[in-house]
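Participant: coordinates for the following, if possible.
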Amino acid sequence: MSNEIPFSRCSWAETNTTEREYHDNEWGVPVHDENKLFELLILEGKQAGLSWITILKKRETINEAFDFFDPKIIVKYDQDKIDELLSNTGIIRNKLKVNAVITNANAYLSLIDEYGSLDSFLWKYVNHEPIKNKWTKISDVPASTELSDLISKDLKKLGFKFVGSTTIYAYMQAIGMVNDHLVECYRHSMLN
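Facilitator: This is a model prediction of the structure:
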């Protein structure tokens with residue numbers, strides 16, 4: 001007896017177990033937990049210029065290295081902590097990206113003061129309901145949209161780094177603001 005799922009999934013998730021598990025259990029599922037929203041925003045920013053599988057493979061180590069993305073801890077990072085992070089082979093050791101985590105933790109705390117939560121800030125852009133696309137081919141799925149352009153611009157105004165439009169669209173997919181599972185994928189109908 002096979003453990004194979006007798007239906008289709010998005011082709012990008014068929015390469016390896018790590019991507020398959022992420023696709024089947026997380027990608028496109030609406031997220032409202034503050035810590036998870038902040039974590040995924042940081043991870044998407046770290047992915048810039050890299051493959052998502054690189055981030056997924058290092059995710060656990062990245063989470064541990066960055067104190068499980070607790071912004072109140074991250075804003076207190078000093079040069080010793082930055083040097084420790086830059087010597088940690090288990091994370092993405094790009095100095096700009098490491099410093100951006102600290103910048104983004106500060107921006108996050110300011111956003112909370114102004115908007116109450118990252119959840120309410122983000123989900124207002126879609127009237128608190130996921131956009132349900134009906135793509136039939138992976139080539140139909142956009143890399144960015146006018147909405148991701150707007151959210152990117154607004155986050156940059158608030159001081160966030162590594163939040164370009166393409167990064168923000170990937171983030172919107174990750175946190176379920178958009179359902180970009182292909183219509184033939186079994187997850188598409190589960191999230192509608």
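Participant: center of the chain - which residue?
Facilitator: Among the residues of the chain, residue 40 comes closest to the average C-alpha position under CA atoms, centre = their mean, at 3.3 Å.
Participant: that one touches residue 176, doesn't it?
Facilitator: No - using CB atoms under 8 Å, residue 40 is not in contact with residue 176, being 10.3 Å away. To be clear about C-beta, it is placed using only N, CA and C from the backbone, and glycine gets the same treatment.
Participant: buried ones in the helix or strand of the chain with the lowest mean pLDDT?
Facilitator: In the chain, no helix or strand scores lower on mean pLDDT, DSSP states H and E than helix 186-190, which sits at a mean of 91. Buried residues in helix 186-190, counted by 16 or more other CB atoms under 10 Å: 187, 188.
Participant: excluding its backbone neighbours, what's nearest residue 121?
Facilitator: residue 115 (4.3 Å; CB to CB, 6 or more residues apart in numbering).
Participant: my guess is that neighbour meets residue 123, correct?
Facilitator: No - in this structure, residue 115 is not within contact of residue 123 by CB under 8 Å, at 10.8 Å.
Participant: and these two? Which one has more around it.
Facilitator: residue 123 (20 against 14; other CB atoms under 10 Å).
Participant: gap between the more buried one and residue 96?
Facilitator: 29 Å (CB to CB, to the nearest Å).
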